[in-house]
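S.K.: next come a sequence and a model predicted from it.
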Amino acid sequence: VTSARFQVVAFSGSVRAASSNTGLVHLAARLAAERWPDELAVSITDVVRDLPWYDEDLEAAPPESVVTWRDMVSAADALLLGMPEYNFGPSGLAKNAIDWLTRPPAVRVLQGKVMAMMTSGGKGGGNRVQDTLALILQLLGNTVVDEPRVQIAMGMTRIGADGATDDAEVIDAVSAKLEALVAALRTRA
Ligand SMILES: Cc1cc2nc3c(=O)[nH]c(=O)nc-3n(C[C@H](O)[C@H](O)[C@H](O)COP(=O)(O)O)c2cc1C
């Protein structure tokens, strides 16, 4: 947590070492720090990798990873997701991370958040997962920043996992997404 106006928690739905979706998250964090230092504080977390599979039996005494994940999201204004498209939907890791934020229902932390997704996919750029996930996130009571889309075709050849890229189209798409995210956060504030 920094003194920036809006706290954004970011994670990648891909654990692949060279993941381009992880790259989109890193690129976004860098652009946010450069262009909106007073407004956006983007914290990238890997704690989603440590979460066990969702299990109601663990709710009585949730493991540390679950508590950390919930606390981070609870303190955040927005979530930024590097979201691969696996068979037209989110990765299992991403869905599991989301499910942990919704239980128990009385203390659901995933509501009232501003959500933005970025996808690096195959030839189609992963043009289905965001519709699927947007519906879920909206039903949970969040605001999805739907447009402009970041759907990068064959992104695995266009950006490194550290966010390094000289692809202007990728940089412009991520910048435009952040601009829309800032605008949505300002409107909501
Ligand atoms: C199980 C699986 C299913 C996939 N399904 C899709 C798909 O429906 N649409 C798509 O665009 N790409 C699909 N892909 C390709 C991924 O988008 C591609 O592997 C992508 O680069 C993964 O992102 P990463 O670089 O962050 O690991 C699939 C990949 C896997 C492993």
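M.R.: The structure has been received and is ready for your questions.
S.K.: any stretches of the protein with poor pLDDT?
M.R.: Residue ranges of the chain with pLDDT under 70: 1.
S.K.: what does it have sitting close to the ligand?
M.R.: Applying the criterion Cβ under 6 Å from any ligand atom, the portion of the chain that neighbours the ligand consists of 14, 16, 19-21, 84-88, 120-122, 124, 126, 155-156. Backbone N, C-alpha and C define where each C-beta goes, glycine included.
S.K.: just the buried ones out of the residues you listed, please.
M.R.: Burial by neighbour count, judged by 16 or more other Cβ atoms under 10 Å, picks out S14, S19, S20, N21, P84, E85, Y86, S120, G121, G126, G155, M156 from those.
S.K.: pipe those residues into JSON lines and attach secondary structure and distance to G141 per row.
M.R.: Compiled in JSON lines, those are given as follows (DSSP: H, G, I helix; E, B strand; the rest coil; distance: Cβ to Cβ, whole Å):
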{"residue": "S14", "secondary structure": "coil", "distance to G141": "26"}
{"residue": "S19", "secondary structure": "coil", "distance to G141": "29"}
{"residue": "S20", "secondary structure": "helix", "distance to G141": "30"}
{"residue": "N21", "secondary structure": "helix", "distance to G141": "25"}
{"residue": "P84", "secondary structure": "coil", "distance to G141": "25"}
{"residue": "E85", "secondary structure": "coil", "distance to G141": "24"}
{"residue": "Y86", "secondary structure": "strand", "distance to G141": "25"}
{"residue": "S120", "secondary structure": "strand", "distance to G141": "28"}
{"residue": "G121", "secondary structure": "strand", "distance to G141": "27"}
{"residue": "G126", "secondary structure": "coil", "distance to G141": "25"}
{"residue": "G155", "secondary structure": "helix", "distance to G141": "30"}
{"residue": "M156", "secondary structure": "helix", "distance to G141": "33"}
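S.K.: closest one to V66 out of these, please.
M.R.: Distance ranking of those against V66, using Cβ to Cβ, places S14 first at 20.8 Å.
S.K.: how about the most centrally placed residue in the chain, secondary structure?
M.R.: Ranked by distance to the mean C-alpha position of the chain (Cα atoms, centre = their mean), the top residue is L81 at 1.5 Å. Using DSSP: H, G, I helix; E, B strand; the rest coil, the secondary structure recorded for L81 is strand.
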